[in-house]
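K.L.:
Could you work out the structure for the sequence below:
(one chain, ligands or ions: 2)
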Amino acid sequence: MLISDLRQRLRALGALPKHEQRVLRDWVQAKPHDSGRRRPEHFLPLALREALPAIDAELAALARVVSEHPGEDGSARLLVGLSDGQMVESVLLPRDGLCVSSQVGCAVGCTFCMTGREGLIRQVTSAEIVAQVVLARRLRPVKKVVFMGMGEPAHNLENVMEAIALLGIEGGIGHKNLVLSTVGDPRVFERLHGPDVGPVKPALALSLHTSKAELRKELLPRAPRLSPEDIVEAGERYARFSGYPIQYQWTLIEGVNDGPEELDGIVRLLKGKRGLLNMIPYNQIPDLDYRRPSWERARSIAAELHSRGVLTKLRDSAGQDVDGGCGQLRARSSATPQPIRLKLNRP
Ligand SMILES: C[S@@+](CC[C@H](N)C(=O)[O-])C[C@H]1O[C@@H](n2cnc3c(N)ncnc32)[C@H](O)[C@@H]1O
Ligand code: SF4
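P.N.:
Ligands and ions are numbered 1, 2, ... in the order given. I've put the predicted structure just below:
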């Protein structure tokens, strides 16, 4: 289901914009209409009131938590089942954040990413993206949503932007707390700069990973052929336009992109720019030869970059101890069913 279809249906039932907004707000804020604890609905049109239980049931059928895997760092990975049996991962992050998936699989095929190994299976619809937030909000508050789960948002931009608009307006999430992460695709830059950006301008994370154009082609084989310089230039334009700094993502892989030349390259590209570098040590994937650098090594790299004028944050991908790395949980679950362990704190 698309959010635009849902809006049209509500309008066809006689909903005014304020009714429509309220129904959608209740959904995304995880307040079911049939909980019995709601205030009376008497000022909604009769046709809409009568249709609400069926609409609620449809929304509830969009996605469900198949299993929950708490990590030691306060994060928890959720394996989310979609109505056709496909699965995606969402990650509850410490400090009220949520990482959502925008595709089942991904066509970019990054050589260090589990999701990239299986190619694109299907798009996640706008309503399914929002449903991941609704499910998470039944477990914990969600004040920040990052599109850093499975999939490349640029390849599913309509659904992603529709979900962002709903989350930023009815969902009550601050616009700069909606973070679209991409390998850097001209379609994203055009859309975010153009008149079609919509009512909500999200923050942007750009997955850079290397300062060398040739290496980037190897690591991100089907990413658009933008050079690292092009990506940073586009990032700067968006930072000026939106007022938000850009988050540059760097998956740190031992012996691949952690050497002195790369550090010089990072300084050349990012020093003085409106952005920060998120350095994430590679999360080990079985059967791949890549190695994760030691935490001490990663820390000394981050400290060096910092001292050379690049604001650098060293981050661990949340949920390391419970199959960290996007898509690993899903891949493992296809082989071995996971236990269902739900701790709902709201009806
Ligand atoms: C899974 S992607 C999804 C968003 C988008 N496709 C992108 O690449 O920015 C989010 C981030 O996860 C990182 N990532 C993927 N596989 C990883 C791994 N094995 N270890 C650490 N980070 C990883 C990517 O580098 C990317 O910055
Ligand atoms: S890192 Fe992002 S773009 Fe690359 S394969 Fe994984 S999900 Fe796709």
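
K.L.:
give the contact list for residue 25.
P.N.:
Residues near residue 25 by CB atoms under 8 Å, 6 or more residues apart in numbering: 170-172. All C-beta atoms are positioned from the backbone trio N, CA, C, and that covers glycine.

K.L.:
Sort out which residues of the helix or strand harbouring it are buried, please.
P.N.:
If you go by DSSP states H and E, residue 25 is part of helix 17-28. Buried positions in helix 17-28, judged by neighbour count with 16 or more other CB atoms under 10 Å: 19-24, 26-28.

K.L.:
Now tabulate these in CSV and tack on distance to residue 157.
P.N.:
Shown next, in CSV, are those (distance: CB to CB, whole Å):
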residue, distance to residue 157
19, 29
20, 23
21, 24
22, 28
23, 25
24, 21
26, 27
27, 23
28, 20
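
K.L.:
picking that back up, report the buried members of the contacts of residue 25.
P.N.:
The neighbour count (16+ other CB under 10 Å) marks 170-171 as buried among the contacts of residue 25.

K.L.:
Mind putting the contacts of residue 25 into a markdown table with distance to ligand 2 and pLDDT?
P.N.:
Output for the contacts of residue 25, formatted as a markdown table (distance: CB to the nearest ligand atom, whole Å; pLDDT from 0 to 100):
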| residue | distance to ligand 2 | pLDDT |
| --- | --- | --- |
| 170 | 27 | 96 |
| 171 | 23 | 97 |
| 172 | 27 | 96 |
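
K.L.:
what pLDDT does the residue nearest the centre of the chain get?
P.N.:
Taking CA atoms, centre = their mean, the centroid of the chain lies closest to residue 147, which sits 1.4 Å from it. pLDDT, residue 147: 97.

K.L.:
ok, it touching residue 188?
P.N.:
No. Using CB atoms under 8 Å, residue 147 is not in contact with residue 188; the gap is 10.8 Å.

K.L.:
any residues in contact with both of those two?
P.N.:
Joint contacts of residue 147 and residue 188 (CB under 8 Å, 6+ apart) are 153, 180.

K.L.:
follow-up on the earlier one: now do the same contact list for the residue nearest to the centre of the chain.
P.N.:
If a contact means CB under 8 Å, 6+ apart, then residue 147 has 99-100, 102, 153, 160, 179-181 as its contacts.

K.L.:
6 Å - rerun?
P.N.:
102, 153, 180-181 (CB atoms under 6 Å, 6 or more residues apart in numbering).
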